[in-house]
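**Q** A predicted structure for the sequence below; I have some questions about it.
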Amino acid sequence: MSVLVSKAVAIVLPYIAGLFFLTTLGLGGLSVYRGEVISNLQSKMIEDQSKELKVVIDSTELAKAVGDKVQINLDSIQVQKEKTTHEVKEIIKEPIYLNVCFNDAGLSKLHETILTPFTVEPQQ
């Protein structure tokens with residue numbers, strides 16, 4: 001019986017070995033193909049992520065630029081507001097019109113002051 005089994009094994013063994021060899025080659029080739037597919041997918045994903053990241057960076061830079069412009073405008077408005085407030089306080093603290101009529105002698109003095117730079121003194 002052992003002779004019969006050994007002859008059967010001797011006949012079937014080359015076929016089984018060939019089958020294992022072909023299976024190994026097929027699965028190896030499949031794994032190489034899958035590796036290439038995975039590598040292509042990964043490179044596409046990285047490319048898409050870099051594009052998305054660039055858009056986010058550009059949007060962030062644009063938002064920062066707009067924010068800087070708004071801050072500059074707010075600063076200038078604040079400076080103008082403080083100037084105006086200071087001037088109003090000065091006007092209120094020292095009133096310009098002290099209940100003096102414009103037809104008074106003060107009006108003549110005002111005209112003299114205004115016209116002084118334009119008057120030419122006679123030469124001697």
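**A** Perfect, I can see it now.

**Q** gap between the helix or strand hosting Val9 and the chain center?
**A** According to DSSP states H and E, Val9 maps onto helix 2-93. Averaged C-alpha coordinates place helix 2-93 at 19 Å from its chain's average position (Cα atoms, centre = their mean, to the nearest Å).

**Q** Leu25: neighbour count?
**A** Close neighbours of Leu25, defined as other Cβ atoms under 10 Å, add up to 10. Quick note: C-beta positions are derived from backbone N, CA and C, even for glycine.

**Q** Report pLDDT for it.
**A** According to the predicted model, the pLDDT of Leu25 comes to 71.

**Q** do the same with Glu121
**A** Glu121 is assigned a predicted lDDT (pLDDT) of 55.

**Q** just Thr60 next, same as before
**A** Note on Thr60: pLDDT of 92.

**Q** if I look at Asp48, how far off is Ile11?
**A** Distance, Asp48 to Ile11, using Cβ to Cβ, to the nearest Å: 56 Å.
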